[in-house]
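1. All I have is the shape, not the residue letters:
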């Protein structure tokens, strides 16, 4: 096969694009788990790693708000419009150059004020730890600049359905961080982690350039802030940026609260958050990214029926995959944490709290997986205001719940006793950190419910009857699958040594395989349409036409 042709190949269906992105997310997620295992083994869930995760917050805020929340979400609909009517590459060059300058200026300003910002984010840190966090933060401000440039190329690749190159980029990012852990940390300590992040971000940017050039892009130094397309993107970005701010302010507030709890609380939250995001990234984000170009094109061309069919099909496929995974992760939470993080300095105390946090995240994983699709559905018809208002309400609710749950878990009461018994945390005095994932799960379900409700009001029938019919079959199959997995865990424990890594691994694989087979068998007998949709999409991709 011609390498250049393969590297610039185009996907033919939304589902296959989602599968491709999902495979990339799986590879990237696997590397992220290796990354977390290396971090846990080397540093444990202690103060050093708390400093590292806290240093991520402001650069990650810039990335999440301006890049993922702004450029990535708003560039593609406008590019689609310009490709049909005007000069798309003139728009692309203006966006590329203008945002490059803006990101440099913004990151420089934030680097100057980093000490004040870090004091706000980490009120529980010592002055020495805050100073170290500031130094790491300033280094990592280079990463949003690379990601900002990458997001413009990503929009171009999405329009032309060239998801392969885009799907490789996150893998290279995690490889950069792993390189930092293995080879730079021994020499530069925590600063080696920051250098690894920058290396990963640069590789993420570099890999997308050839495919963008192959799509027709030619670089020109165009710098016109008054360009109508650029102004339209800015206009769309304003509410979307506010909406993205909500999620990242949530994480900043959570970091601030966790810094006042026992040492390692920030690390425990981040490790469990990374684990719960694994299926969200593979399924929810992949399907949302893959469907976004199709939704944008069909709406721009006035094909509402095609728009609704794409939405309904994508929604149901996400449900089909994510619902059983939520239950599977909940039942296997302790095993997963032991296998992925239980090494080196990461002890039994940290394992129990991380597993408990992961279990509470499972309450809302399904909602968090559907939120990206719902948000991009609004973006596809250039409505960025509605998701913002809902995001603000969700943020306020999350912050309220964070303070409420952490406060209730500080002293003996019915709620604390219930959580200790439910999550098997007997003997651990300070369990306040588990209130944070519980708050995020509740606020995520609230955000999902409002997005779905307002979408129905906005465009009318969204084939909710079709979605409900599939959901009933999926939930029924999941309940039976959960019973089978629970029994499989008990049976496997009788034949393996649960005190060893190999014993836990065998038990986990056995229960997961049994659960997968039972779920597929039940959905087959219930005649769920989603497996057939996925199968036909794969076959269509490899057909000659």
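-> In hand now; what should we look at? Since the structure is predicted, the reported quantities are computational estimates derived from the model, not experimental observations.
2. Go ahead and flag the most central residue of the chain.
-> residue 281 (4.7 Å; CA atoms, centre = their mean).
3. check contacts around it.
-> Neighbouring residues of residue 281 by CB atoms under 8 Å, 6 or more residues apart in numbering: 25, 28-29. (C-beta placed from N, C-alpha, C; glycine too.)
4. give me that answer again for 7 Å
-> 25, 29 (CB atoms under 7 Å, 6 or more residues apart in numbering).
5. and for stretch 286-300, what are the contacting residues?
-> Contact with stretch 286-300 is made by 14, 17-18, 21-22, 25, 76-77, 80-81, 158-159, 161, 163, 306-307, 310-311, 314, 317-318, 372-373, 376-377, 380-381, as judged by CB under 7 Å, 6+ apart.
6. how about the nearest residue to residue 88 once chain neighbours are set aside, phi and psi?
-> Nearest non-adjacent residue to residue 88, counting by CB to CB, 6 or more residues apart in numbering: residue 82, 4.5 Å away. Main-chain torsions, residue 82, degrees, to the nearest 10: phi -70, psi -30.
7. quick one: residue 82 and residue 487, what's the gap?
-> Computed as CB to CB, to the nearest Å, the residue 82 to residue 487 distance reads 57 Å.
8. Check residue 310 too.
-> Residue 310 sits 39 Å away from residue 487, going by CB to CB.
9. Compare these two (neighbour count), which wins?
-> Between residue 310 and residue 487, counted using other CB atoms under 10 Å, the more crowded position is residue 310 (20 against 12).
10. for the more buried one, what are its contacts?
-> Contacts for residue 310 (CB under 7 Å, 6+ apart) come out as 14, 291, 294-295, 298.
11. State the helix or strand in which it lies.
-> Element membership for residue 310 (DSSP states H and E) is helix 304-331.
12. those strands in the stretch 301-450 of the chain, which residues are they?
-> Assigned by DSSP state E, counting those that start in this stretch, the stretch 301-450 of the chain shows no strands.
13. helices or strands up against the host helix or strand of residue 34?
-> According to DSSP H and E, residue 34 maps onto helix 14-43. Helices and strands touching helix 14-43, by 3 or more CB pairs under 7 Å, 6 or more residues apart in numbering; DSSP states H and E, are helix 163-179, helix 265-279, helix 286-300, helix 304-331, helix 333-341, helix 530-541.
14. Lowest average confidence across those, which one?
-> The minimum mean pLDDT among the helices and strands packed on helix 14-43 belongs to helix 530-541 (a mean of 70).
15. Let's see the pLDDT reported for residue 345.
-> Residue 345 is given a pLDDT of 78.
16. which one is residue 40 nearest to, not counting chain neighbours?
-> Closest to residue 40 by CB to CB, 6+ apart is residue 346, at 3.9 Å.
17. Tell me which residues touch the one you found, please.
-> 40-41, 44-45.
18. One more: residue 329?
-> 336, 358, 362.
19. redo that, cut-off 10 Å
-> 275-276, 278-279, 336, 358-359, 361-362, 365 (CB atoms under 10 Å, 6 or more residues apart in numbering).
20. Repeat that for residue 145.
-> Residues near residue 145 by CB under 10 Å, 6+ apart: 59, 62-63, 67, 99-100, 102-104, 106-107, 198, 201-202, 205.
21. swap in residue 285?
-> Counted by CB under 10 Å, 6+ apart, residue 285 has contacts 18, 21-22, 25, 68, 277, 279, 368-369, 371-373, 376.
22. Dump these into a markdown table; add distance to residue 260 and neighbour count as well.
-> Output for the contacts of residue 285, formatted as a markdown table (distance: CB to CB, whole Å; neighbours: other CB atoms under 10 Å):
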| residue | distance to residue 260 | neighbour count |
| --- | --- | --- |
| 18 | 40 | 29 |
| 21 | 38 | 26 |
| 22 | 38 | 24 |
| 25 | 33 | 26 |
| 68 | 28 | 18 |
| 277 | 24 | 19 |
| 279 | 30 | 25 |
| 368 | 26 | 24 |
| 369 | 31 | 30 |
| 371 | 29 | 25 |
| 372 | 31 | 21 |
| 373 | 36 | 23 |
| 376 | 36 | 25 |
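23. which residues of the stretch 301-450 of the chain fall in helices?
-> Assigned by DSSP state H, counting those that start in this stretch, the stretch 301-450 of the chain shows helices spanning 304-331, 333-341, 348-361, 365-380, 385-408, 414-423, 435-459.
24. Just put those in CSV and tack on distance to residue 229.
-> CSV is the format used below for the helices of the stretch 301-450 of the chain (distance: least, CB to CB, whole Å):
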stretch, distance to residue 229
helix 304-331, 23
helix 333-341, 45
helix 348-361, 40
helix 365-380, 16
helix 385-408, 20
helix 414-423, 51
helix 435-459, 25
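25. that older thread, pick the one among the contacts of residue 329 closest to residue 513.
-> Nearest to residue 513, judged by CB to CB, of these is residue 336 at 15.0 Å.
26. That closest one: neighbour count?
-> For residue 336, the count of nearby residues is 22 (other CB under 10 Å).
27. so it touches residue 357, yeah?
-> No: between residue 336 and residue 357 there is no contact under CB atoms under 10 Å: 12.0 Å.
28. Comparing the helices of the stretch 301-450 of the chain, which comes out most buried?
-> Across these, the average number of neighbours (mean count of other CB atoms under 10 Å) peaks for helix 365-380, which reaches a mean of 25.
29. Not counting its neighbours along the chain, what's nearest residue 63?
-> Closest residue in space to residue 63, ignoring its immediate chain neighbours: residue 144 at 4.7 Å, by CB to CB, 6+ apart.
30. which of the residues in the helix holding residue 34 are buried?
-> For helix 14-43, a neighbour-count test (16 or more other CB atoms under 10 Å) marks 14-22, 24-29, 31-40, 42-43 as buried.
31. Give me the pLDDT for residue 455.
-> pLDDT for residue 455: 92.
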